[in-house]
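I would like to see how this sequence folds:
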Amino acid sequence: MKRAGLTLSLLLVVLGQSLATTPRAPRPGGESAANGMVATVNPIATRAGVEALKAGGNAVDAAIACALTLGVVDGHNSGIGGGCFLTIRLADGRIVTLDGRETAPAAAARDMFLRNGKADSKLSQDGALAVGIPGELATLAYASTNFGRLPLRQLLEAAARVAENGFAIDSHYASRVRATRTELAAFPDARAVFLRGLPAVPAKGDILRQPDLADSYRAIAAQGTDWFYRGRFATKTATWIRTHGGVVTAADFARYAVVPREPVHGTYRGFEIVSFPPPSSGGVHVIQILNLLERFDLKAMGDSSADFVHTVAEAMKLAFADRSKWLGDPDFTKVPRGLLSKDYAAELAKNIRPDRASAVTGAGTPPFADADFFRREQSRHTTHFSTSDAEGNWVACTASLNTSFGSKVVVPGTGILLNNHMDDFSAQPGVPNYFGLVGAEANAIAAGKRPLSSMSPTIVLKDGKPILSVGAAGGPTIISQTLLAILRTLDFGKSPREALAGARLHHQWKPDELHVEAAFGDAVIAELRKRGHTVVVEKSLGAAQAVGLAPDGGFLGSADPRGEGLADGL
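Okay, here's the model as predicted:
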């Protein structure tokens, strides 16, 4: 069954960290520390990052430790069988953005998911055809070699011990297993790992051990990433996939390469915004929406008012309409830089009426749309984590398998779960993907191409110094969550904890629905409907993590108060 939009039931199933639990009461600022901070969705992963700092590592090492551990304890969302985007602000002031997005195999074709002329979503979401070539491990290794201090093998071994010894699954992990039980059961190795061959699904507090995954981590520690990309794992994976109707080959793994890209830069009320470039749509559209909103006095509105929700939603609609036409892999399609133009934003902002929801019929045309493009710089399906250290290194990383448990394929004998990011391509122009997002020719499938993403690992600076590292999980709501955290920090002066605790909203143009958390209250929701919005009320939208600069020069951190994560530091 094709998912057409972000309905309530869909959100609860697909958003990487959309929990059905009541948010915990926000603390005034969040966790604080003097010498470094780590924020993730899982306490075990957070502590792994802190241990890396204690061992003499920097914020990059801490982020790598978090990523590898999250692949164990939060493996339904991310892992080395998936991809990531990594934004780093180094102590010397350099900004590095590493593209570890999955790539389409060489035999991929634009019509590979069409049957009888129509896109078959089952093929792009579960099983062998859904798998893109994973990039997370290559990206972590690149970051470790070039910017870290600790040996990658040391961080792999620490995560391997967690996989070997096991951990108590939390309520969200248990709910994801429960929601995807039927799909997992269709794949014997996934069934053996995550359902343990039992008639009942694991419950909160049950211990999950993953000895095969521990062995794989240790094989990488001993043999390097060649084991994964050019050795036993690549061969074993290609054999399984080809046997089960897929097109991935060992050569596809061997040719995978991390792409260092030029970050996108913007400004907002005197602050500098640095985020991830295409093939992420997140950085472009976070900045585009900020450009639109800079013309409005949001602070005077108050961040819980109908005026605030309406204005932000109208800006989101305009940006997501542009996303549908213009965004894709810049190595394959022309993505105009004019989307970041403040003059273009000023023209679009004229369409925002204060009293009425506007009808956005399609994408705009940014300046120099045929001449000035993004290019490669030469040189909870998702999870986000942020780290910082006392030397001035800050990291924002978003990693993903796409939907819960990705393709549901565990490569036999390895414990490694593979992504289903081929679904992030436009299988057929105008047809929504799992998240209800509509794409066009710019995001069509092509061999070696990277699918469009919403991941938005972002760092905010003031006078050249980082003050906020933030990102989120939750499909297209990643963009809206990251945006709201920035707005509440910069316009309203809120701490990371307060910024993440605020009620959330999301509008992605199509479907024409404004999703709001119930915490906005009945009066605001009624006023939004009066203004012409089709309002869908949600209990919880997504999960974000943030690290911020404390007034005393130390660090404040927060895991999303809707979840079960942890911020901690030195």
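
please make it C-alpha for all contacts and neighbour counts, starting now.
OK.

where in this protein is pLDDT low?
1-30, 197-199, 371-381, 429-431, 434-440 (pLDDT under 70).

grab the longest helix from it for me.
Determined from DSSP state H, the single longest helix within the chain is helix 306-326.

what helices or strands is that one leaning on?
Under the contact criterion of 3 or more CA pairs under 8 Å, 6 or more residues apart in numbering; DSSP states H and E, helix 306-326 touches helix 282-293, helix 298-301, strand 505-506, helix 522-530.

which of these is buried the deepest?
Scoring the helices and strands packed on helix 306-326 by mean neighbour count under mean count of other CA atoms under 10 Å gives helix 282-293 as the most buried, with a mean of 27.

and that helix, how far out from the chain's middle?
The chain centre lies 16 Å from the centre of helix 282-293; the measure is CA atoms, centre = their mean, to the nearest Å.

quick one: closest of the helices and strands packed on helix 306-326 to A250.
Closest approach to A250 among the helices and strands packed on helix 306-326 is made by helix 282-293 (30.9 Å; CA to CA).

what's the angle from the closest one to helix 306-326?
Helix 282-293 and helix 306-326 are oriented at 130 degrees to each other (axes from the mean of the first three to the mean of the last three CA atoms, to 10 degrees).

packing partners of helix 282-293?
Packed next to helix 282-293, using 3+ CA pairs under 8 Å, 6+ apart, are strand 264-268, strand 271-275, helix 306-326, helix 342-349, helix 477-490.

with respect to K449, which of those lies nearest?
K449 lies closest to helix 306-326 among the helices and strands packed on helix 282-293, at 15.5 Å (CA to CA).

that closest one: how far from the chain's middle?
19 Å.

quick one: it to helix 522-530, angle?
Angle of helix 306-326 versus helix 522-530, following the same axes, to 10 degrees, is 50 degrees.

identify the residue spatially nearest to the most centrally placed residue in the chain, adjacent ones excluded.
For the chain, the residue nearest the mean C-alpha position is M455 (3.8 Å; CA atoms, centre = their mean). Leaving aside its sequence neighbours, M455 sits nearest to G282 (CA to CA, 6 or more residues apart in numbering; 5.4 Å).

looks like that neighbour contacts S456 (just checking).
Yes - here G282 reaches S456: they are 4.5 Å apart, a contact under CA atoms under 8 Å.

just to check, D120 is in contact with D111?
No - here D120 does not reach D111: they are 10.4 Å apart, not a contact under CA under 8 Å.

what are the ranges of the strands in the stretch 151-300 of the chain?
Under the criterion DSSP state E, counting those that start in this stretch, the stretch 151-300 of the chain contains strands at 167-168, 207-208, 259-261, 264-268, 271-275.

what pairs with the third one, parallel or antiparallel?
For strand 259-261, the paired strands and their directions (DSSP bridges) read strand 95-100 (antiparallel).

same question, the fourth one
Pairing partners of strand 264-268, with direction, according to DSSP bridges: strand 271-275 (antiparallel).

show me how far the partner strand is from its chain's centre.
With CA atoms, centre = their mean, you get 18 Å for strand 271-275.

CA atoms of it as PDB?
In PDB, the C-alpha atoms belonging to strand 271-275 read as follows (Å, rounded to 0.1, in the frame of the first residue of the first chain):
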ATOM      1  CA  PHE A 271      24.000  34.800  13.400                       C
ATOM      2  CA  GLU A 272      25.800  32.600  10.900                       C
ATOM      3  CA  ILE A 273      24.000  29.300   9.900                       C
ATOM      4  CA  VAL A 274      26.200  26.500   8.600                       C
ATOM      5  CA  SER A 275      24.500  23.400   7.300                       C
END
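
right, I'll call it a day here.
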